[in-house]
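Peer 1: Need a 3D model of the sequence below.
(chains A and B)
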Amino acid sequence: MTALIKSIPWNRIFLYLVLVLSAAFFLLPIYMLLNTGFKSYQEVSLSNMWQLPQNISLDSFTKAWFGSQSEGFRGLNENFLNSIWLTIPAALLSAFIGSINGYVFSKWKFPGSDVLFAMLLFGMFIPYQSILIPIVRVLQWLSNYTGPIYDAATELSVPIWLGWFPSWVAEFIPGYGTIGGLILIHVIYGIPIATLVFRNYYSGIPTDLLEAGMIDGAGFLGIYRWILFPISMPAFVVVLIWQFTSIWNDFLFGVIITSNPSVQPVTVALNNLAGSYIVEWNVQMAGSLIAALPTMLIFILLSRYFIRGLMAGSLKG
Amino acid sequence: MRYSKKDRSLSILLVLPSIFAMFIFIYGFIGFTAYASLSNWHKLKPDFTFVGLENYIRLFKSQRFIIDMQNTFTFTLLFLIVTIILGFFLAVILDQNIKGESIFRNIFLFPMALSYIVTGVVWRWLLAPGTTITGPSGVNILFDQLGLGFLKSGWYTDPSIGVKAVVIAATWQMAGYIMALYLAGMRAIPEELREAARVDGATKIEIYRYIIIPLLRPITLSSVIILGHISLKIFDLIVSMTGPGTGFSTDVPALFMFDTTFRGNRFAQGSSIAMVLLLLVALLVVPYLISSYREEVEQ
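Peer 2: Numbers count the residues shown, from 1 in each chain, chains lettered A, B, ... in the order given. Next comes the predicted model:
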């Protein structure tokens, strides 16, 4: 009997027990999100929030997505699209700028470039509170010039089936309260992290490779276009994922720059939805899932690159 | 590399917009905020009359700000300790040839992909204590059902707990990140080092104590910097989870700044809060940036 007890790997069992308990802690909120989101209205109550639903129902999701006119709250559908229109161009632009910067800061160093780079990195850490007021003022100032273009764009006469198009285009014009303004700000404050990732990545590429290109007659742009860019995909994926996630998840810039509910990104809309007393909490849970879905999908599909981005965020790469 | 003059100027020309943007949007804007914090701008229309340190003096006399600073201190300390320890232990466990390691790793890490707003909304409901009319709710029900009723708590609604309850949500979100950093660090330690220690008769715990933890010191430092600057400027999570709370028990300077500036239109006062925040973050980050810059120059 004692031999039997000894042969049981208690250490390992204890290890797995701790592991499973930790996993339970991390999954608890997700369990509640899914469990509540899929419950029908009759079943939702705070006291049985942990019980599994008897009937699967999508009511909460439709309500969170479309809103409810009778109860007087907005759905997330428009804001979800806003976030997509905002996040994709901003992520692409900052990745592209970061790639060029990283190339120069790693392979074309000039006197003072290291100091400038270190100064740029500080921008990753600053509390954005210390720049919010001038951001608002600069965007308002910009709107003096872009506002008339915005108005002209929305008043374009187009065939009825293109009715959505002018206002859609107008939203991309940078200014205060437009998606374009938000893109501009996200691109600018995304430059430090994007530059850092590309600089680290290009630093690892042997300079010999570039010199070979030079002997073949390639210049600054030629080396980038024909040698560096084609092997930059891993860095681009890392930066794009990182930027997509952080821009999608941003709340502060969104709430400061956009006040019109139909222009706000999804995080701001979700916060309004969840802060409203008239919205049932199962609708709030469904809304949270909707807002979390894109970044969750990216994490599930591309977790390897996601983790690399996290490592880059820790500076030492 | 030997460059042609044309390429040299082209390379500088292409980073110039970013450098320019940096000087305006980072340093120029900080300068503007610093200037505004010394002014008399307390309504929508700017008023740049110089008033010296008046706003700062008023700030440090304000009850809300004193509570905020205490909250930030409590939150940062607790958040750093709990998250780093939890992250480290999860990494140690995953380092033991665990079956299904990648599944567990992803479970611990996925909260990183979520917005603080989502995290806040979810944890607000999980830690809602319930009322005497509706009965307990959230995790308090679970504690009841598991016979752990003594763990029931008012969480963030209890002013004596306040911001400490928010640490649970913040740790839930960030512990996986720290785990990933430590795990990568452990995997980078050569197996021979552990092997040699084992031959010398070191126990598993001794190997961690005397070899692995000292070698992971740079990662611990990075973790402190990363978590520290996040925690000093925490805003989204508080907004969506608790708001300022009863008697400002869950309030933080970033929220105070937002209220003062964008709800109260007291721009000069808001700027002074922002500058204090910036100073705190700079004290943490600048020495780190300088030392890693020096290291790089030496290499």
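
Peer 1: any idea which helix or strand carries residue 218?
Peer 2: Looking at chain A here, since you left the chain open. Counting by DSSP states H and E, no helix or strand carries A:A218.

Peer 1: Chain B, not that one
Peer 2: Assigned by DSSP H and E, B:P218 falls in helix B:217-232.

Peer 1: right, and the helix or strand after that helix?
Peer 2: Following helix B:217-232 in sequence order, the next helix or strand is helix B:236-241 (DSSP H and E).

Peer 1: Now do that following helix: distance to the chain's middle.
Peer 2: Relative to its chain's centre, helix B:236-241 lies at 13 Å (Cα atoms, centre = their mean, to the nearest Å).

Peer 1: Contacts for that helix next, please.
Peer 2: Helix B:236-241 is contacted from outside by A:251-252, A:267, A:270-271, A:274-275, B:115-121, B:123-124, B:156, B:163, B:166, B:169-170, B:173, B:244, B:250-252, B:254-255, B:258, using Cβ atoms under 8 Å, 6 or more residues apart in numbering or on different chains. No exception for glycine: its C-beta is placed from N, CA and C like everyone else's.

Peer 1: just the strands in the stretch 1-150 of chain B please.
Peer 2: Here the stretch 1-150 of chain B has its strands, by DSSP state E, counting those that start in this stretch, at B:130-131, B:135-136.

Peer 1: where in the stretch 151-299 of chain B is pLDDT low?
Peer 2: Regions of the stretch 151-299 of chain B meeting the criterion pLDDT under 70 cover residues B:299.

Peer 1: Could I get the full set of helices for it?
Peer 2: Under the criterion DSSP state H, counting those that start in this stretch, helices of the stretch 151-299 of chain B are mapped to B:163-188, B:191-199, B:204-207, B:213-215, B:217-232, B:236-241, B:253-258, B:267-298.

Peer 1: got a markdown table for those helices, with distance to B:M69 and mean neighbour count too?
Peer 2: Formatted as a markdown table, those follow (distance: least, Cβ to Cβ, whole Å; neighbours: other Cβ atoms under 10 Å in any protein chain shown):
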| stretch | distance to B:M69 | mean neighbour count |
| --- | --- | --- |
| helix B:163-188 | 12 | 23 |
| helix B:191-199 | 44 | 12 |
| helix B:204-207 | 39 | 13 |
| helix B:213-215 | 32 | 13 |
| helix B:217-232 | 11 | 19 |
| helix B:236-241 | 15 | 25 |
| helix B:253-258 | 7 | 25 |
| helix B:267-298 | 8 | 19 |
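
Peer 1: Is chain A within reach of the helix holding B:P218?
Peer 2: Yes: contact of helix B:217-232 with chain A (Cβ under 8 Å from any Cβ of the partner chain) involves B:P218, B:I219, B:S222, B:S223, B:I225, B:I226, B:H229, B:L232.

Peer 1: Quick check: the fourth one touching B:G87?
Peer 2: Yes: using Cβ atoms under 8 Å, B:S223 is in contact with B:G87, at 7.1 Å.

Peer 1: Show me the common contact partners of the two, please.
Peer 2: Counting by Cβ under 8 Å, 6+ apart, the residues touching both B:S223 and B:G87 are B:I178, B:L181, B:Y182.

Peer 1: ok, so of the residues you listed, who is nearest chain A?
Peer 2: B:L181 (5.8 Å; Cβ to the nearest Cβ).

Peer 1: Make CSV from the shared contacts of B:S223 and B:G87 and add distance to B:F65 to it.
Peer 2: As requested, the shared contacts of B:S223 and B:G87 are exported to CSV (distance: Cβ to Cβ, whole Å):
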residue, distance to B:F65
B:I178, 30
B:L181, 33
B:Y182, 36
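
Peer 1: The stretch 1-150 of chain A: helices as residue ranges?
Peer 2: Listed in chain order (using DSSP H, counting those that start in this stretch), the helices of the stretch 1-150 of chain A are A:2-7, A:10-37, A:59-66, A:77-107, A:113-125, A:129-154.

Peer 1: okay, those, which one's buried deepest?
Peer 2: Ranked by mean neighbour count, the helices of the stretch 1-150 of chain A are led by helix A:77-107 with a mean of 22 (mean count of other Cβ atoms under 10 Å in any protein chain shown).

Peer 1: what's the span of stretch B:243-259 from first residue to last?
Peer 2: 11 Å (Cα to Cα, to the nearest Å).

Peer 1: and that stretch, is it in reach of chain A?
Peer 2: Yes: applying Cβ under 8 Å from any Cβ, one finds stretch B:243-259 in contact with chain A at B:A254, B:M257, B:F258.

Peer 1: Of those, just say which sits nearest to chain A.
Peer 2: B:M257 (4.8 Å).

Peer 1: List the contacts of the closest one.
Peer 2: B:M257 is in contact with A:Q129, B:G270, B:I273, B:A274, B:L277, counting by Cβ under 8 Å, 6+ apart.

Peer 1: Can you pick out the most distant pair from these?
Peer 2: With Cβ to Cβ as the measure, no two of these lie farther apart than B:G270 and B:L277, at 10.7 Å.

Peer 1: Residues that sit against both of those two, list them.
Peer 2: Common neighbours of B:G270 and B:L277 (Cβ under 8 Å, 6+ apart) are A:Q129, B:M257.

Peer 1: how far off helix A:113-125 does the helix holding B:P218 point, in degrees?
Peer 2: 50 degrees (axes from the mean of the first three to the mean of the last three Cα atoms, to 10 degrees).

Peer 1: Okay, buried residues for the longest helix along chain A please.
Peer 2: The longest helix of chain A (DSSP state H) is helix A:281-313. For helix A:281-313, the neighbour count (16 or more other Cβ atoms under 10 Å in any protein chain shown) marks A:281-292, A:294-296, A:298-299, A:302-303, A:305-313 as buried.

Peer 1: Of the contacts of helix B:236-241, select the buried ones using a ChimeraX command.
Peer 2: Burial among those is assessed by 16+ other Cβ under 10 Å; the matching ChimeraX selection reads:
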select /A:251,252,267,270,271,274 /B:115,116,117,118,119,120,121,123,124,156,163,166,169,170,173,244,250,251,252,254,255,258
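
Peer 1: Show me what from the stretch 201-317 of chain A comes close to chain B.
Peer 2: A:207, A:210-211, A:214, A:219-221, A:245, A:248-252, A:256, A:267, A:270-271, A:274-275, A:281, A:284-285, A:287-288, A:291-292, A:295-296, A:298-300, A:303, A:306-307, A:310-311, A:313-316.

Peer 1: Present the helices of the stretch 1-150 of chain A as CSV; the columns should include mean pLDDT and distance to A:I231.
Peer 2: Shown next, in CSV, are those (pLDDT from 0 to 100; distance: least, Cβ to Cβ, whole Å):
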stretch, mean pLDDT, distance to A:I231
helix A:2-7, 67, 53
helix A:10-37, 91, 36
helix A:59-66, 91, 42
helix A:77-107, 95, 12
helix A:113-125, 91, 22
helix A:129-154, 92, 35
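
Peer 1: For B:S39, give the beta-bridge partners.
Peer 2: Taking DSSP bridges as the rule, B:S39 bridges to B:F50.

Peer 1: burial count for it?
Peer 2: 20 (other Cβ atoms under 10 Å in any protein chain shown).

Peer 1: which ones are touching it?
Peer 2: B:S39 makes contacts with B:P46, B:D47, B:F48, B:T49, B:F50, B:V51, B:A268, B:S271, as judged by Cβ under 8 Å, 6+ apart.

Peer 1: Pull the CA coordinates from stretch A:20-39 and hand them back as CSV.
Peer 2: What follows is stretch A:20-39, C-alpha atoms only, in CSV (Å, rounded to 0.1, in the frame of the first residue of the first chain):
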residue,chain,number,x,y,z
VAL,A,20,-6.1,24.0,-13.6
LEU,A,21,-7.2,26.3,-10.7
SER,A,22,-5.2,29.2,-12.2
ALA,A,23,-6.8,28.5,-15.6
ALA,A,24,-10.2,28.6,-13.9
PHE,A,25,-9.5,32.1,-12.5
PHE,A,26,-8.5,33.3,-16.0
LEU,A,27,-11.5,31.7,-17.7
LEU,A,28,-14.1,32.8,-15.1
PRO,A,29,-14.9,36.1,-16.7
ILE,A,30,-15.1,34.5,-20.2
TYR,A,31,-17.5,31.9,-18.8
MET,A,32,-19.7,34.6,-17.4
LEU,A,33,-19.6,36.6,-20.6
LEU,A,34,-20.6,33.6,-22.8
ASN,A,35,-23.0,32.2,-20.3
THR,A,36,-24.9,35.5,-19.8
GLY,A,37,-24.7,36.6,-23.4
PHE,A,38,-26.4,33.5,-24.7
LYS,A,39,-29.2,33.3,-22.1
